[in-house]
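# Need coordinates for the below:
(chains A and B)
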Protein chains: 2
Amino acid sequence: MNPSKTVELATPALIIDVDALEKNLSTMSTRHPGSKLRPHTKAHKCTEIARLQLSHSHTSFTCATPREIIGMAAAGIGSDFLLANEVLNTDRLSALAKVSENVQVTIAVDSIETINAAVRAGLHDVLIDVNVGLPRCGVAPELAGQLADDARKTGMTVRGVMGYEGHLMMVGDDEKRKTRVAESMKLLARAAQDVGGEIVSAGGTGTWDMHDETGINELQAGSYALMDTDYAQLKIPFAQACFVLGTVISRSKDWLVIDVGLKSLSTDHGNPSVDGYDVLFCSDEHITLVLKKDSAIGLANIGEKLLVRPSHIDPTMAMHSVAWVTRSDEVLECWQIDLRGW
Amino acid sequence: MNPSKTVELATPALIIDVDALEKNLSTMSTRHPGSKLRPHTKAHKCTEIARLQLSHSHTSFTCATPREIIGMAAAGIGSDFLLANEVLNTDRLSALAKVSENVQVTIAVDSIETINAAVRAGLHDVLIDVNVGLPRCGVAPELAGQLADDARKTGMTVRGVMGYEGHLMMVGDDEKRKTRVAESMKLLARAAQDVGGEIVSAGGTGTWDMHDETGINELQAGSYALMDTDYAQLKIPFAQACFVLGTVISRSKDWLVIDVGLKSLSTDHGNPSVDGYDVLFCSDEHITLVLKKDSAIGLANIGEKLLVRPSHIDPTMAMHSVAWVTRSDEVLECWQIDLRGW
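Numbers count the residues shown, from 1 in each chain, chains lettered A, B, ... in the order given. A predicted model of the protein is given here:
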């Protein structure tokens, strides 16, 4: 029998607040309707959430892995996929080429090697991935035009450019962030001019409202849907819609222990948060919590359930096979996190 | 067709060096043969590795989740399981009670609530989990005897005590660590006297050779089998036997990027390591690497494969569905990481 109340769920359990999710999707799609947003599936890895994004008018999606595109296409969600990541594996690229017989599949390239791998696999459409300041993937802006020419020589269609300003997502001051995003996007604009094509793709949840004048024509945000405590530090209008539910399994005089740990949430963006408590430390299967100094409550009892806010949503989602969809204390549905793996 | 060479594996891929694994298992079982070691399955979550531990004479196992015990019993590996963790969920405890009809299942309790949950589920055997200094689970040592009496009143058999000195695993100085372990185990010995029963269970990979005179009669080590860079800082004779294989997918003048990231390894014990490189940063799907200052090599080429040493093995294993078993550059087998989840 499926649980009907949140409190009945076996823990640790991934919980989605469906109203908060809907509100986040609505806020984003109001500002960036249709193809203005290319939602990033890597942040949730869940076709049911992608289906909601589709219902909010978005039909083009960003993906980080071949598996995400293949799963989305199999579920019949979306018609235009961008693999915003460099992939060299021939089997996986060939699987994408097969998918591209029915829907548009465009892959990011930033080198001759990635272009050649795409050609060998029978893919036809690429974006030039441009480095706009984050020391990760992307060709140097001044070399983008040449790389586009190289791609066209192989018969590829170059649909445009992408450039992720990931190093700026967490610049705390709004004005500073906006200024630096504008500077970063000048690099992308220059590359776009050299490259040609119709797509200029960039951005994320942290810069969702800073691209009005940067010249991009689609935003790649993903975390806005479910959010995390890291992004919540910014002044952005998206609410926490995903939690890990834990049970108090042990209690001493000074602390309590819940059954949520490093195997059910990621701590690379810092410790997670629990209302009323400070996290003493996280271990594989546990979080030890102490009351906040000014706490008005006492330690929860053994058996009580607590909601934990993850600090980084993407790797947290990838740790779970299912999410429980809730409204208030009611469990409405169970969604598969079905786009995991590579 | 299954890949026969490591270099043919699609990445990111979890790699096990079977000779290093065998040597680690052999080193441990020579010092702690048979029931002197109760290997912790939480560190690998893989019945094939447990099967090797069985072949090294160990028939009793430590587990952190009901799922681990249920999976081990279903695979026919082991005859005596300890759930070294507090669990309150009735369905999961009832499933363990069913398993206990065929093999010995003992669960850790540290409160009346956990005892009552075990009773309700039809379980019969418990260990009193004693707090020996780590602020996590475990009853205060001076209350252990009373809790054992409470458990016996419900009809439970109290098989003894356990106490995990996890706060001491990474004390860097060997002598200091040994002294502090001895102090910590005095707390467990006192509790053992009050509790009765035959089992005194404690210890881990970091204290594997420090229990000769502490009075414990079984060691709960798990990480020794596959190891990680955190434990490798200690002077212990276990070698890295598990890696994440990555492909260089992008290269700039000053750095390269591999397709291993926060979804394929855990960074809660610090960044992972790659020979010859420093990790600039890890992100969801990527690690950016720069050459070490004194490096004799140049940056690897796009398409080359690099081995990454995880800093924390337990949560890293939980991120993968399979591991590829290798000897030198040959792939011998593919093992399911089949004990994931709860």
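# Where does pLDDT dip in chain A?
A:1 (pLDDT under 70).
# Helices of that one, residue ranges please.
With helices called from DSSP state H, chain A shows them at A:18-31, A:47-55, A:66-74, A:90-99, A:112-121, A:144-153, A:174-195, A:313-317.
# in stretch A:113-130, what counts as buried?
By neighbour count on 16 or more other C-beta atoms under 10 Å in any protein chain shown, the buried set for stretch A:113-130 is A:113-119, A:121, A:123-130. No exception for glycine: its C-beta is placed from N, CA and C like everyone else's.
# just those residues that are near chain B?
Within the set of those, contact with chain B (C-beta under 8 Å from any C-beta of the partner chain) is found for A:113-114.
# Pull the most distant pair out of the buried residues of stretch A:113-130.
Spatial extent of the buried residues of stretch A:113-130 (C-beta to C-beta) is set by the pair A:Ala121 and A:Val130 at 22.4 Å.
# and the spatially closest residue to A:Met156 that is not a sequence neighbour, what is it in contact with?
Spatially, and ignoring its direct neighbours in sequence, A:Met156 is nearest to A:Val126 (5.2 Å; C-beta to C-beta, 6 or more residues apart in numbering or on different chains). Applying C-beta atoms under 8 Å, 6 or more residues apart in numbering or on different chains to A:Val126 gives the contacts A:106-109, A:115, A:118, A:151, A:156-159.
# Bridged to A:Val126, which residues?
With DSSP bridges as the criterion, A:Val126 is bridged to A:Ile107, A:Val158.
# Quick check: the gap between it and A:Gly197.
Noted for A:Val126: a distance of 9 Å to A:Gly197, by C-beta to C-beta, to the nearest Å.
# Return every residue with contacts to both of these two.
With C-beta under 8 Å, 6+ apart as the test, A:Val126 and A:Gly197 both reach A:158-159.
# Using CSV, lay out the helices of chain A together with distance to B:His269.
Putting the helices of chain A into CSV (distance: least, C-beta to C-beta, whole Å) gives the following:
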stretch, distance to B:His269
helix A:18-31, 32
helix A:47-55, 31
helix A:66-74, 27
helix A:90-99, 30
helix A:112-121, 32
helix A:144-153, 38
helix A:174-195, 31
helix A:313-317, 15
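# Most tightly packed of the ones you listed?
helix A:313-317 (a mean of 27; mean count of other C-beta atoms under 10 Å in any protein chain shown).
# Quick one: residues contacting the residue positioned nearest the centre of chain A.
Nearest residue to the geometric centre of chain A (C-alpha atoms, centre = their mean): A:Ala43, 2.2 Å. By C-beta under 8 Å, 6+ apart, the residues touching A:Ala43 are A:222-223, A:225-226, A:313-314, A:317.
# Show me the subset of those residues that also lies near chain B.
Of those, the ones that also sit near chain B (C-beta under 8 Å from any C-beta) are A:Asp314.
# And the closest residue to A:Glu113 other than its chain neighbours, how far from A:Ala64?
The shortest distance from A:Glu113 to any residue other than its chain neighbours is 4.2 Å, reached at B:Ile302 (C-beta to C-beta, 6+ apart). Distance, B:Ile302 to A:Ala64, using C-beta to C-beta: 18 Å.
# So which of these two has more stuff around it?
Neighbours were counted for B:Ile302 and for A:Ala64 using other C-beta atoms under 10 Å in any protein chain shown; A:Ala64 has more, 26 against 21.
# And the more buried one, its phi and psi?
phi -110, psi -20 (degrees, to the nearest 10).
# and the gap between it and B:Val248?
17 Å.
# What of A:Arg51?
Applying C-beta to C-beta to A:Arg51 and B:Val248 gives a distance of 35 Å.
# I'd like to know how far A:Thr267 sits from B:Gly303.
32 Å.
# and these two? which has more neighbours close in?
The residue with more neighbours, out of A:Thr267 and B:Gly303, is A:Thr267; 22 against 17, by other C-beta under 10 Å.
# wait, isn't that one in contact with A:Asp284?
No. The pair A:Thr267 and A:Asp284 does not pass the contact test of C-beta atoms under 8 Å, sitting 11.3 Å apart.
# List the contacts of the residue nearest to A:Val244 when sequence neighbours are not counted.
Closest residue to A:Val244 apart from its sequence neighbours, by C-beta to C-beta, 6+ apart: A:Val308 at 4.5 Å. Counting by C-beta under 8 Å, 6+ apart, A:Val308 touches A:243-246, A:258, A:260, A:265, A:272-274, A:287.
# can you name the two of these that are farthest apart?
Put simply, by C-beta to C-beta the two of the contacts of A:Val308 set farthest apart are A:Leu245 and A:Ser273, 13.9 Å from each other.
# Of the two, give the one with the bigger neighbour count.
Legend: neighbour count by other C-beta under 10 Å for A:Leu245 and A:Ser273, higher for A:Leu245 (23 against 19).
# what residues are up against that one?
If a contact means C-beta under 8 Å, 6+ apart, then A:Leu245 has A:6, A:9, A:11-15, A:260, A:305-308, A:324 as its contacts.
# ok, 7 Å please
A:6, A:9, A:11-13, A:15, A:305, A:307 (C-beta atoms under 7 Å, 6 or more residues apart in numbering or on different chains).
# And A:Ala151, by the same measure?
A:Ala151 makes contacts with A:109, A:115, A:126, A:158, as judged by C-beta under 7 Å, 6+ apart.
# Name the nearest of the residues you listed relative to chain B.
Within those, distances to chain B taken as C-beta to the nearest C-beta reach their minimum at A:Val109, with 9.7 Å.
# how many other residues sit next to that closest one?
30.
# which of the contacts of A:Leu245 tops the neighbour count?
Going by other C-beta under 10 Å, A:Ala13 tops the contacts of A:Leu245 with 26 neighbours.
# And the closest residue to that residue other than its chain neighbours, how close does it get to B:Asp174?
Leaving aside its chain neighbours, A:Ala13 sits nearest to A:Leu245 (4.5 Å; criterion: C-beta to C-beta, 6+ apart). To B:Asp174, A:Leu245 is 41 Å away according to C-beta to C-beta.
# can you pull the contacts of the residue nearest to A:Ala300 when sequence neighbours are not counted?
Closest residue in space to A:Ala300, ignoring its immediate chain neighbours: A:Val248 at 5.0 Å, by C-beta to C-beta, 6+ apart. The contact partners of A:Val248, taken as C-beta under 7 Å, 6+ apart, are A:256, A:258, A:300-304, A:306.
# Mind doing that once more with 6 Å?
Contacts for A:Val248 (C-beta atoms under 6 Å, 6 or more residues apart in numbering or on different chains) come out as A:256, A:258, A:300, A:302, A:304.
# Quick check on those: which are buried?
For those, buried by 16+ other C-beta under 10 Å: A:256, A:258, A:300, A:302.
# my guess is the second one meets A:Ile287, correct?
Yes. Using C-beta atoms under 6 Å, A:Ile258 is in contact with A:Ile287, at 5.3 Å.
# what about A:Thr298, distance to chain B?
To be clear, residue A:298 is Gly; Thr isn't right here. Look at A:Gly298 and chain B: by C-beta to the nearest C-beta, to the nearest Å, they are 16 Å apart.
# so how many other residues sit close to that residue?
8.
# beta partners for the nearest residue to it once chain neighbours are set aside?
Closest residue to A:Gly298 apart from its sequence neighbours, by C-beta to C-beta, 6+ apart: A:Leu291 at 7.4 Å. With beta bridges defined as DSSP bridges, A:Leu291 has these partners: A:Tyr277.
# neighbours around A:Leu291, how many?
17.
# And the one 3 residues further on, by the same measure?
Neighbourhood size, A:Asp294 [other C-beta under 10 Å]: 6.
# How about the residues of the stretch 51-200 of chain A by chain B?
A:64, A:86, A:88-89, A:110-111, A:113, A:135-137 (C-beta under 6 Å from any C-beta of the partner chain).
# what two of those are the furthest from one another?
Most distant of these, by C-beta to C-beta, are A:Asn89 and A:Pro135, 23.5 Å apart.
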